[in-house]
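Undergrad: Everything below, folded, please.
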Amino acid sequence: MQSQTTARPGPREVAEAARRARQVVGAVLSPAGARGSSEEWAAALGELRALADVVEAAEAEAAVRLAAIEPLVLETGELVETHRAPGHVSLDAPSIVSGVLGMTAVHAERWVRDAVRRAADGPDGTDTATGLGALHLAMAQGRLDGYRAGVVARELEEVPAQVAATVLEAVDAYLGVEDAPRLRRRVRRVLARISPDLLRQRAVRARAASSLRRWVDEPGTDTWLGTFPSEEACRAWAAIDALAQRLVADGTCEGIDRARARALTDLVTGSATIDLRVHVVTVVPDGDPDGEVRPAGSAVATRPTDLVTVHGAAPGEPVLVARDWLERAVAATSSRTDHLGRVVVDPSSGALVPVDDTGTDGYRPAAGLARLVRARDGRCRFPGCHVAARFCDLDHVVPWPVGPTTARNLVCLCRRHHRTKQRPGWSVVLHPDATTTWVDPTGRRRTTHPLDHRPVVLPDTGSDADQPARPAGAAPSHAPHSVLEHLLEHGGPPQPSRGCRVEVHRPRGRPPGRLVVELTPHPRRRRSTPPASPPF
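TA: Numbers count the residues shown, from 1 in each chain. Prediction:
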């Protein structure tokens, strides 16, 4: 009698099991009419949490297998997949994961790296050994969730595999019962006892790599995240807090938290020279046969406290700023301006589209064309990537020389996603409205959008609960000839006292509602154009 062995489940069996589990759990997800004691519901919550931990471990296992697949083009032109050993991470694996799980590109790269470190822990002495296998086992047993596992794994970053395994053996009993901060402190104490030199080296690297980052948060606000050497942070915080206390005492700010934020910006801007570049955009409304720009919305008088959207403060994210601040920025703009040529704003996407897209015959775009594409995209155009356009390559969507060097065939891509686009199985299409459609090797389609340059003004109708005080020197709301009012609402534009000349046109044959803006350098001060940078 021939013996039979049960085959290990493959991806199809895993997917089918996941569907069945979803159906089973989904059938009990409406407990509104159910009755039970607090002890019973707490037990149910714990079991669901354990199930989620097991699922996270299974996700990591699937990511390990996905990351180990490398495409290979045979001499016959056939595309096949080769499977490397667990622990290998292909170049485009995080990009595929970002589409499947709806993550940003940066988050997907970290998630894949952490999953591989935990779930692909190889034997001692091998290149794939990480010593973090105990974390993956605890997750598979339903004792540890992905967040706390990530906290522990980050504490053991760059620690030799044998040392990491020893630390995890010492803290294993606490993985299922302690919260993340206590686990972090416990791991540090154990590591300091086992190998104090490793912990010191980590502290030295962290101090050397201190940084400050920012991103757009709530409408009209930014969030900053900084890491600083402790002694420098202590002195800086003392200065901020002292100024904040004075701002609260003199009534400038009501709360201490708001006062500290104000104190930080006041201290920074008071100690630096700031070069602010302003591009003004106005829109010709639909159905206006004369091309006259008229105020949009109600007839409420404009106020310095109106909020206006602007681009450029963060890659790809518009921000809301006060009208009076933007008014002063426009009036104080230096005489130099980047020449973008004559462009229109696409009415559906808000993208900057050149009126004359002739481009160049060569491979490298001219400086003006490069500035236009970067101003249009604002960031890397790969789905979920937020690298600023100034750090990106300009890539030909249809490879040159088959594809021309024009704005309708160029997109901003960071170096990693520039290489990803060239991998087998990837394709991208740049549409006339400057949106892009990406297709990954699994057939998943995603769309990215350019910056929306259609201006938005949120008028202050006087209904706000708290009216901020008007800054000293701000123009009154009834100023009849303010630069910003003419540029954004009354069609002007008048010539700023200092700054660029902005000309608004509507070319013949263009449909109403399309914007044409021409920015030309001030004739009194011209500066040489910097050499075109990163490789394309």
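Undergrad: Going by C-alpha atoms from here, please, whenever you check contacts or count neighbours.
TA: Fine.
Undergrad: mind listing the helices for the stretch 201-350 of the chain?
TA: With DSSP state H, counting those that start in this stretch as the criterion, the stretch 201-350 of the chain has helices at 230-249, 256-269, 323-331.
Undergrad: So which other helices or strands are in contact with the shortest one?
TA: Helices and strands touching helix 323-331, by 3 or more C-alpha pairs under 8 Å, 6 or more residues apart in numbering; DSSP states H and E, are helix 483-488.
Undergrad: The first one now?
TA: Taking 3+ C-alpha pairs under 8 Å, 6+ apart as the contact definition, the neighbouring helices and strands of helix 230-249 are helix 256-269.
Undergrad: Touching the helix it packs on from outside, list them.
TA: By C-alpha atoms under 8 Å, 6 or more residues apart in numbering, the surrounding residues in contact with helix 256-269 are 240-241, 243-245, 247-248, 253.
Undergrad: cool, stretch 396-404 as well?
TA: Counting by C-alpha under 8 Å, 6+ apart, 359-361, 363, 405, 409-411, 428-430 sit against stretch 396-404.
Undergrad: out of the contacts of helix 256-269, who has the most neighbours?
TA: For the contacts of helix 256-269, the largest number of neighbours (other C-alpha atoms under 10 Å) sits with residue 244, at 23 neighbours.
Undergrad: confidence score at it?
TA: Listed pLDDT for residue 244 reads 90.
Undergrad: and the residue most central in space within the chain, how far is that from residue 215?
TA: Residue closest to the mean C-alpha point of the chain, counted by C-alpha atoms, centre = their mean, is residue 386 at 3.8 Å. According to C-alpha to C-alpha, to the nearest Å, residue 386 and residue 215 sit 10 Å apart.
Undergrad: Extract the residue ranges of the stretch 301-450 of the chain that are flagged as low pLDDT.
TA: The stretch 301-450 of the chain contains residues with pLDDT under 70 at 301-302, 312-318, 330, 332-341.
Undergrad: need the strands for the stretch 151-300 of the chain, in chain order.
TA: For the stretch 151-300 of the chain, the strands defined by DSSP state E, counting those that start in this stretch cover 211-216, 222-227.
Undergrad: Give me the mean pLDDT for the last one.
TA: Spelled out, it's strand 222-227. 88.
Undergrad: What are the contacting residues of that strand?
TA: 210-217.
Undergrad: what number of residues lie near the closest residue to residue 97 other than its chain neighbours?
TA: Spatial nearest neighbour of residue 97, excluding adjacent residues (C-alpha to C-alpha, 6 or more residues apart in numbering): residue 108 at 6.3 Å. Neighbourhood size, residue 108 [other C-alpha under 10 Å]: 22.
Undergrad: Quick check: residue 108 vs residue 305, distance?
TA: 40 Å.
Undergrad: Show me the longest helix that occurs in this protein.
TA: Criterion DSSP state H: the longest helix present in the chain is helix 38-67.
Undergrad: any idea which helix or strand comes after that one?
TA: strand 69-73 (DSSP states H and E).
Undergrad: Mind listing what's buried along that next one?
TA: For strand 69-73, a neighbour-count test (16 or more other C-alpha atoms under 10 Å) marks 69-70 as buried.
Undergrad: who does it pair up with?
TA: Applying DSSP bridges to the sheet, strand 69-73 is found paired with strand 79-83 (antiparallel).
Undergrad: just to revisit the earlier point, mind checking the helices of the stretch 201-350 of the chain for the one nearest to residue 14?
TA: Among the helices of the stretch 201-350 of the chain, the nearest to residue 14 by C-alpha to C-alpha is helix 230-249 (48.0 Å).
Undergrad: residues in contact with the closest one?
TA: So helix 230-249 is contacted by 253-256, 259-260, 262-264, 267 (C-alpha under 8 Å, 6+ apart).
Undergrad: now the residues you listed in a markdown table, with pLDDT?
TA: A markdown table is the format used below for the contacts of helix 230-249 (pLDDT from 0 to 100):
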| residue | pLDDT |
| --- | --- |
| 253 | 87 |
| 254 | 87 |
| 255 | 87 |
| 256 | 89 |
| 259 | 91 |
| 260 | 91 |
| 262 | 90 |
| 263 | 91 |
| 264 | 91 |
| 267 | 88 |
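Undergrad: Would you mind checking these for buried ones?
TA: The neighbour-count test (16+ other C-alpha under 10 Å) marks 253, 256, 259-260, 262-264 as buried among the contacts of helix 230-249.
Undergrad: Most widely separated two among these?
TA: Using C-alpha to C-alpha, the two most remote members of those are 253 and 264, lying 13.2 Å apart.
Undergrad: what do those two both touch?
TA: The contact sets of residue 253 and residue 264 do not overlap (C-alpha under 8 Å, 6+ apart).
Undergrad: Spell out which residues sit in contact with residue 70, please.
TA: Residues in contact with residue 70 (C-alpha under 8 Å, 6+ apart) are 81-84, 90.
Undergrad: now do residue 408
TA: Neighbours of residue 408 in contact, by C-alpha under 8 Å, 6+ apart: 357, 430-432, 434.
Undergrad: Mind checking which of those residues are in strands?
TA: residue 430 (DSSP state E).
Undergrad: I'd like the contacts of residue 408 as JSON lines, with distance to residue 204 appended.
TA: Output for these, formatted as JSON lines (distance: C-alpha to C-alpha, whole Å):
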{"residue": "357", "distance to residue 204": "52"}
{"residue": "430", "distance to residue 204": "46"}
{"residue": "431", "distance to residue 204": "49"}
{"residue": "432", "distance to residue 204": "51"}
{"residue": "434", "distance to residue 204": "46"}
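Undergrad: Now list the buried members of the contacts of residue 408.
TA: By neighbour count, with 16+ other C-alpha under 10 Å, those hold 430, 434 as buried.
Undergrad: out of the contacts of residue 408, who's nearest residue 350?
TA: Nearest member of these to residue 350, counting by C-alpha to C-alpha, is residue 434, at 9.0 Å.
Undergrad: Let's test this: mean pLDDT of stretch 161-181, rounded?
TA: On average, stretch 161-181 scores 91.
Undergrad: ok, residues contacting it?
TA: Outside stretch 161-181, the residues that reach it (C-alpha under 8 Å, 6+ apart) are 124, 129-135, 138, 143-144, 147-148, 151, 156, 183, 186-187, 190-191, 194.
Undergrad: those strands in the stretch 301-450 of the chain, which residues are they?
TA: With strands called from DSSP E, counting those that start in this stretch, the stretch 301-450 of the chain shows them at 307-314, 317-322, 341-345, 352-354, 393-396, 410-413, 427-430, 436-439, 445-448.
Undergrad: What ranges does the stretch 51-200 of the chain have for its helices?
TA: For the stretch 51-200 of the chain, the helices defined by DSSP H, counting those that start in this stretch occupy 93-101, 105-119, 133-140, 146-155, 161-171, 180-194, 196-208.
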